[in-house]
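Asker: This is the structure alone, sequence omitted:
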């Protein structure tokens, strides 16, 4: 097989050459639609942004049959994005992310809803509705964004408000009792002065697994979501917008993993969607947010923006982490989180200089009551973790046009983070029933931790970009990412809860963005080298007595090198083709394990397959005055990857491919449409996440991706 960088470049060259040969024989064709993004906090053509960024508008998302952020996987090189074991968003970009769902672990990739950072992984696995576009930025983004984004950022941008009375409505029905109803309405209250928008949806389906203990399906969805916005325009230079959003997901059960090994004598599962659980009857996730955004165009060159936001999240769940009919190892969780953020940003646009600078404040409080319920093995605990996180930051980035073709970029971020952590824990007799009475003072505290610490960092960025022509951009950059330290939220004493160190990353990137053949072909290439230190890792081990213990520690260092290719082609008017290819050579340089031994050669980075790619196409059959029919299909492939820090071969997922297809009728002017689609056509079974408890409890569990699903959608636009 070809080496990673050479292979990616050769693939790009082959595609360019093939379509160039076809070009003379192709009739006059409409080009690929230009995409505008705000990756650098101002509107720019995607092809002019010297950053590895991928954008998805409504049409692309519709062709992906996207219902949530997880459906972006494969369409962005070197990204892994799926829902975790506790309804949390697990996002990795170029091998950087975080699998732990508990509140003491910060995400490695920032998820933003209309420029508001979502502090917790729970509630961040966003549903796709009322969307203008989703942008995925790869690499550190600290000199442009309020909150630290060491691995990258996923930006969800909702539809803008307009003076038109307009809306959409969709109804989807499918197997597993899937029913989704979504609608939005935009309307002016006072034309040009006061505008409003509402969007609402109800998304539900049965679980994909059957529980032999209860007879119920496991891991379904029953979500009510909504957004509302009100925008005031007192003058041509000033807008004040209020945004409100909420979600409430209340399925009848949580999601139970599959036994990959025997569990206390119970054999491994032969079918991952036939599970057993006696402690999975609760999963409630609620989010709510309010934001005020002020945009003031001070003059033709200066724009001031203020974003004030408050959010809250509640999560209650019972998770069966032995996956048997017995009460061996249940986990219960009751979490309440709220956050406030304030960002003030000044944007300057001149003839030769463009600059953005900002101040950012973030305060988060999280209170979690959780514990283990395993009376069958005499392990019943309860704990309260109370964490307060405060962050201050100042950031800025400027781009100077040295010549009409050459630009230089420099940025700097200062971050100060202060964290306070309180933890109490009680252990109960094996006869204790559920729910565990945590306020029972007859049971003394076995753990009483009160810790605090702070960290600060300077994170620079440097870059050069050069336009060989209006359609070909070359760029290089170097940037530093930072994610603050914290405290192990599963520790049993002060020694175990001592602060773990911040993560730091230097990312070096070079790229090409090019448009060919009268905008019928776009080829973008990036190569990168990440030097990653003090990775924050979560694992489950045995303590000195052989009992269950959880660790959250720093690995020494890792290196991720790779290449990425993105191709969009429209060789003839009806046909659109997109292709992505990612190569990732990720390895630990140092990983100090138990006893001070370097085990870096025995470990693989989590969610870092060496190769990943996707090929997708749509073909539109024009029916003239009767509308048209769109045929679409895609196939994505990933090589072997490891979902757990232990690099367990039992839980490792070998290479696999997923295929999707759809057919859609579009009425004239796309006023209404009817589609039929299927995802995971071959009904492939594949692991997305796992628990390796082999060191202590002696077994391993796996969570699987969705099986084959089929759905029909009817939509209208007015």
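Answerer: That came through fine. The structure presented is a predicted model; accordingly, all values stated were derived computationally and were not measured.
Asker: alpha carbons only for contacts and neighbour counts from here, please
Answerer: OK.
Asker: Around residue 649, count how many other residues there are.
Answerer: Residue neighbour count, defined by other CA atoms under 10 Å, stands at 11 for residue 649.
Asker: Which secondary structure element is home to it?
Answerer: Under DSSP states H and E, no helix or strand contains residue 649.
Asker: Nearest residue to it in space, ignoring adjacent ones along the chain?
Answerer: residue 642 (7.9 Å; CA to CA, 6 or more residues apart in numbering).
Asker: tell me, how many neighbours does the one you found end up with?
Answerer: 25.
Asker: and if you look at residue 74?
Answerer: Neighbours of residue 74 using other CA under 10 Å come to 25.
Asker: And for residue 316?
Answerer: With other CA under 10 Å as criterion, residue 316 counts 21.
Asker: what sits against the residue nearest to residue 649?
Answerer: 604, 605, 606, 607, 608, 609, 648, 649, 651, 652, 653 (CA atoms under 8 Å, 6 or more residues apart in numbering).
Asker: how near is residue 71 to residue 676?
Answerer: 17 Å (CA to CA, to the nearest Å).
Asker: typo on my end, residue 177
Answerer: Distance, residue 177 to residue 676, by CA to CA: 16 Å.
Asker: same deal with residue 446?
Answerer: 57 Å.
Asker: one step back: which one's more surrounded, residue 177 and residue 676?
Answerer: Comparing residue 177 with residue 676 by other CA under 10 Å, the one with more neighbours is residue 676, at 18 against 13.
Asker: what's stretch 168-180 in contact with?
Answerer: Contacts for stretch 168-180 (CA under 8 Å, 6+ apart): 181-185, 201-208, 709-718.
Asker: Tell me which of these fall in strands.
Answerer: Those of those mapping onto strands are 181-185, 201-205, 709-717, per DSSP state E.
Asker: What are the buried residues along stretch 376-383?
Answerer: 378, 379, 380, 381, 382, 383 (16 or more other CA atoms under 10 Å).
Asker: how about the fourth one, what does it touch?
Answerer: By CA under 8 Å, 6+ apart, the contact set of residue 381 is 371, 372, 373, 425, 426, 427, 428.
Asker: Next, format these as a markdown table and append neighbour count.
Answerer: Conversion of those to a markdown table gives the following (neighbours: other CA atoms under 10 Å):
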| residue | neighbour count |
| --- | --- |
| 371 | 24 |
| 372 | 22 |
| 373 | 30 |
| 425 | 24 |
| 426 | 23 |
| 427 | 20 |
| 428 | 19 |
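Asker: Within its sheet, name the partner strands of the helix or strand hosting residue 382 and how each one runs.
Answerer: Element membership of residue 382 [criterion: DSSP H and E] is strand 379-401. Under the criterion DSSP bridges, strand 379-401 sits next to strand 353-374 (antiparallel), strand 406-428 (antiparallel) in its sheet.
Asker: Name the residue closest to the centre of this structure, please.
Answerer: The chain has residue 91 as the residue nearest its centroid, 4.1 Å off, counting by CA atoms, centre = their mean.
Asker: Confirm for me that it is in contact with residue 78.
Answerer: No: using CA atoms under 8 Å, residue 91 makes no contact with residue 78, being 10.7 Å away.
Asker: okay, and for the chain, where does confidence drop off?
Answerer: 1-30, 543-548 (pLDDT under 70).
Asker: just the helices in it please.
Answerer: 4-22, 58-63 (DSSP state H).
Asker: if we can go back for a sec, output the strands paired with strand 379-401 as TSV; include the columns distance to residue 311.
Answerer: Compiled in TSV, the strands paired with strand 379-401 are given as follows (distance: least, CA to CA, whole Å):
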stretch	distance to residue 311
strand 353-374	9
strand 406-428	19
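Asker: Residue 524: which of those strands is closest?
Answerer: strand 406-428 (18.8 Å; CA to CA).
Asker: For the closest residue to residue 312 other than its chain neighbours, which residues are in contact?
Answerer: In space, and not counting its chain neighbours, residue 312 is closest to residue 338: 4.1 Å by CA to CA, 6+ apart. Applying CA under 8 Å, 6+ apart, we find residue 338 in contact with 310, 311, 312, 313, 364, 365, 366.
Asker: Next up, the contacts around the fifth one.
Answerer: Just to be clear, that refers to residue 364. Here residue 364 is in contact with 119, 337, 338, 339, 340, 388, 389, 390 (CA under 8 Å, 6+ apart).
Asker: same deal with the second one?
Answerer: With CA under 8 Å, 6+ apart as the criterion, the residues that contact residue 311 are 287, 288, 289, 290, 338, 339, 340.
Asker: Give me the neighbour count for the nearest residue to residue 171 once chain neighbours are set aside.
Answerer: The shortest distance from residue 171 to any non-neighbouring residue, by CA to CA, 6+ apart, is to residue 181 (4.6 Å). Residue 181 has 18 neighbouring residues, counting by other CA under 10 Å.
Asker: Run through the bridge partners of residue 181.
Answerer: residue 171, residue 202.
Asker: which ones are touching it?
Answerer: 169, 170, 171, 172, 201, 202, 203.
Asker: Excluding sequence neighbours, find me the nearest residue to the fourth one.
Answerer: Distance criterion CA to CA, 6+ apart; nearest residue to residue 172, sequence neighbours excluded, is residue 713 at 4.2 Å.
Asker: Assess the claim that the one you found and residue 678 are in contact.
Answerer: No: at 11.4 Å, residue 713 does not count as touching residue 678 under the criterion of CA under 8 Å.
Asker: Please work out how many residues are found near residue 35.
Answerer: Counted with other CA under 10 Å, residue 35 comes out at 14.
Asker: ok, it - contacts?
Answerer: Applying CA under 8 Å, 6+ apart, the residues near residue 35 are 45, 46, 55.
Asker: how much space between it and residue 159?
Answerer: Distance of residue 35 to residue 159, computed by CA to CA: 15 Å.
Asker: same question, residue 454
Answerer: For residue 454, the distance to residue 159 - CA to CA - is 38 Å.
Asker: just residue 435 next, same as before
Answerer: Taken as CA to CA, the span from residue 435 to residue 159 is 44 Å.
Asker: which of those two has more neighbours?
Answerer: Using other CA under 10 Å, the more surrounded residue of residue 435 and residue 159 is residue 159, with 18 against 8.
Asker: Thought residue 128 was touching residue 69, still the case?
Answerer: Yes: between residue 69 and residue 128 there is a contact under CA under 8 Å: 7.0 Å.
Asker: Pull the contacting residues for residue 421.
Answerer: Neighbours of residue 421 in contact, by CA under 8 Å, 6+ apart: 385, 386, 387, 388, 449, 450, 451, 452, 487.
Asker: hmm, try it at 6 Å
Answerer: 386, 387, 450, 451 (CA atoms under 6 Å, 6 or more residues apart in numbering).
Asker: got a list of what residue 225 touches?
Answerer: 200, 201, 246, 247.
Asker: What residues are bridge-paired with the nearest residue to it once chain neighbours are set aside?
Answerer: Distance criterion CA to CA, 6+ apart; nearest residue to residue 225, sequence neighbours excluded, is residue 247 at 4.3 Å. With DSSP bridges as the criterion, residue 247 is bridged to residue 225, residue 287.
Asker: Show me which pair in the buried residues of stretch 376-383 is furthest apart.
Answerer: Counting by CA to CA, the most remote pair of these is 378 and 383, 16.5 Å apart.
Asker: phi, psi of the residue located most distally from the centre of the chain?
Answerer: With distances taken from the mean C-alpha point of the chain and given as CA atoms, centre = their mean, the most distant residue is residue 442, at 43.3 Å. Main-chain torsions, residue 442, degrees, to the nearest 10: phi -70, psi -20.
Asker: now it: how far from residue 148?
Answerer: Distance from residue 442 to residue 148, by CA to CA: 43 Å.
Asker: How about residue 645?
Answerer: Distance from residue 645 to residue 148, by CA to CA: 23 Å.
Asker: higher neighbour count, the two?
Answerer: Higher neighbour count among residue 645 and residue 148: residue 148, with 28 against 19, using other CA under 10 Å.
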